[in-house]
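J.: 3D, please:
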Amino acid sequence: MEPLAQDEYRMLSRMAYDKIKAYIADNHLKAGDKLPTERFLSEQLEVSRPVIREALGTLEALGLIVKQQGKGIYLTDPNFSALFQEMMGVWQQGENSLEQLLQFRFLLEQASMEFIVEHAVEADFERLYALIAQSEQEAVTLSEFIKLDYLFHRELLSLTRNPLFSQLTDVINKYFHEIETRKLKDGSFAGKQDTIQQHRDIVRFLQEGNKEAAVQLLKIHLTGRRMDE
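T.: As a prediction, the model looks like this:
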């Protein structure tokens, strides 16, 4: 039998990937459940074992399954960080990617404000204030400050209590954290005191239940523009 052409092999691998996902759904499998063997899946889905192995590799790369040596293949809790990271790689190729990502970041964080106002408790705000207090210390270097800025936004968005939302925003915020780190190496980072004050005021507005003021300041904080611009 002649070997499959590369395009044909990829097509079969994609079909096997979709069939495995359908098998998981049809059998109501959940995190912690064990998948059948490669041989069983190959026979059940009528696809060769190398193609099944390739499809399983894709699922593993996306964090949807884990292979345990000598035990088998198990479903994991959904974590879409790897998928979002791949999407970031595509977005970054566009001419206006940085501006578009910045706008997207603002829209995501803006959407979180209502959930935070409704569900955050005093202990949540105390954690945010503690991060701000850390960033105000004189001994904090600029690289440490940039990391604390990233941690502030990560903690802020975790208050939505939505893991999927947190995974997406964390990938995007890591990207901007890397940009700020590169700016520091270029000697172009500025605005430390403004950042600290804006963080403090955003938390205060959320604590007071003033979502509109928090969103207005958030846009200035992330984009340097007001809501009407």
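J.: and the gap between Asp18 and Leu217?
T.: 45 Å (Cβ to Cβ, to the nearest Å). For the C-beta atoms, the positions are set from N, CA and C on the backbone; glycine is no exception.
J.: oh, that last question was meant for Leu107, not what I typed.
T.: On the measure of Cβ to Cβ, Leu107 and Leu217 end up 16 Å apart.
J.: which of those two has more neighbours?
T.: A direct count of neighbours by other Cβ atoms under 10 Å for Leu107 and Leu217 places Leu217 higher, at 20 against 10.
J.: for Leu222, which residues are in contact?
T.: Leu222 makes contacts with Leu102, Arg105, Phe106, Glu109, as judged by Cβ atoms under 8 Å, 6 or more residues apart in numbering.
J.: span of stretch 57-65 from start to end?
T.: 9 Å (Cα to Cα, to the nearest Å).
J.: show me which of the contacts of Leu222 is closest to Leu56.
T.: Arg105 (33.7 Å; Cβ to Cβ).
J.: in what helix or strand does that closest one lie?
T.: helix 97-119 (DSSP states H and E).
J.: pull the residues that contact that helix.
T.: Contacts for helix 97-119 (Cβ under 8 Å, 6+ apart): 88, 91-92, 94, 124, 153, 156-157, 159-162, 165, 168-169, 172-173, 175-176, 179, 206, 209, 211, 214-215, 218-219, 222-223.
J.: domain map for this protein?
T.: 6-75, 82-223 (automatic domain parsing).
J.: can you redo the ones you listed as JSON lines with mean pLDDT?
T.: Shown next, in JSON lines, are those (pLDDT from 0 to 100):
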{"stretch": "domain 6-75", "mean pLDDT": "88"}
{"stretch": "domain 82-223", "mean pLDDT": "86"}
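J.: what is the neighbour count of Gln207?
T.: 18.
J.: for it, which non-adjacent residue is spatially closest?
T.: By the measure of Cβ to Cβ, 6 or more residues apart in numbering, the closest residue to Gln207 outside its immediate chain neighbours is Phe125, 5.0 Å from it.
J.: so that neighbour touches Val203, yeah?
T.: Yes - using Cβ atoms under 8 Å, Phe125 is in contact with Val203, at 5.8 Å.
J.: those two: which is more packed in?
T.: Applying other Cβ under 10 Å to Phe125 and Val203 shows that Val203 carries more neighbours, namely 23 against 16.
J.: got the CA positions of the helix or strand hosting the more buried one in PDB?
T.: Using DSSP H and E, Val203 falls within helix 192-207. What follows is helix 192-207, C-alpha atoms only, in PDB (Å, rounded to 0.1, in the frame of the first residue of the first chain):
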ATOM      1  CA  LYS A 192       4.900  54.100  37.600                       C
ATOM      2  CA  GLN A 193       3.200  56.500  40.000                       C
ATOM      3  CA  ASP A 194       0.300  57.000  37.600                       C
ATOM      4  CA  THR A 195      -0.100  53.200  37.300                       C
ATOM      5  CA  ILE A 196      -0.200  52.800  41.100                       C
ATOM      6  CA  GLN A 197      -2.800  55.500  41.600                       C
ATOM      7  CA  GLN A 198      -5.000  54.200  38.800                       C
ATOM      8  CA  HIS A 199      -4.900  50.700  40.300                       C
ATOM      9  CA  ARG A 200      -5.900  52.100  43.700                       C
ATOM     10  CA  ASP A 201      -8.700  54.200  42.200                       C
ATOM     11  CA  ILE A 202     -10.100  51.300  40.100                       C
ATOM     12  CA  VAL A 203     -10.300  49.100  43.200                       C
ATOM     13  CA  ARG A 204     -11.900  51.900  45.200                       C
ATOM     14  CA  PHE A 205     -14.500  52.500  42.500                       C
ATOM     15  CA  LEU A 206     -15.300  48.700  42.400                       C
ATOM     16  CA  GLN A 207     -15.500  48.600  46.200                       C
END
